[in-house]
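Peer 1: Sequence and predicted structure are below.
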Amino acid sequence: MSTRRIRVLIAKPGLDGHDRGAKIVVRALMDAGYEVIYTGLRQPPEAVAQVALEEDVDVIGLSSLAGSHLSYCERLKQQLIDAGLDDRLWIIGGSIPAQDQQTLKEIGLDGVFPAGSELQEIVDFINERCK
């Protein structure tokens, strides 16, 4: 009997051109046994929602270093609702100031992982919520 592996989408929002951290997270998630789809750089919200829908992912993850995470997530939220994906686990990591973390959760993000978060913390968070 086979069980479906957890499918995770990792995307780089907007004009953010730094992806080293995202690639490290992608590798850690793959090592944890997840199937990972990485969109690459400079993804608009519409593209992230479309890929999430097409790939039938369990988790939508963003890696943001450019400082536009609040406005981007507000736009992505509507795209996820429109695509019927608002029930998926939604996380973000990167340069996320402490004062923005609560706002991100109010927008609808389930998990916020600022720079310096342990990779295992991200893996455990996903495992606990995607059983």
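Peer 2: Sure thing, it's come through.

Peer 1: burial count for the closest residue to Glu55 other than its chain neighbours?
Peer 2: In this structure, Glu55 finds its nearest non-sequential neighbour in Ile37, 5.1 Å apart by Cβ to Cβ, 6 or more residues apart in numbering. Every C-beta, even on glycine, is put in place using the N, C-alpha and C of the backbone. Residues within reach of Ile37, counting by other Cβ atoms under 10 Å, total 17.

Peer 1: Also the one 3 residues further on?
Peer 2: Gly40 sits with 11 neighbouring residues when counted by other Cβ under 10 Å.

Peer 1: what number of residues lie near the residue nearest to it when sequence neighbours are not counted?
Peer 2: Excluding the flanking residues, the one nearest Gly40 by Cβ to Cβ, 6+ apart is Lys12, at 6.7 Å. By the criterion of other Cβ under 10 Å, Lys12 has 25 neighbours.

Peer 1: Show me the helices in this protein, by range?
Peer 2: With helices called from DSSP state H, the chain shows them at 20-31, 45-55, 69-82, 98-107, 119-129.

Peer 1: middle-most residue in the chain, spatially?
Peer 2: What sits nearest the mean C-alpha location of the chain, by Cα atoms, centre = their mean, is Gly61, with 0.7 Å.

Peer 1: does it really touch Leu9, like I thought?
Peer 2: Yes. Applying Cβ atoms under 8 Å, one finds Gly61 in contact with Leu9, separated by 6.4 Å.

Peer 1: Poorly predicted segments of the chain, please.
Peer 2: The model of the chain has pLDDT under 70 over residues 1-2.

Peer 1: re the thing from before, how near is the residue nearest to Glu55 to Gly61?
Peer 2: 10 Å (Cβ to Cβ, to the nearest Å).
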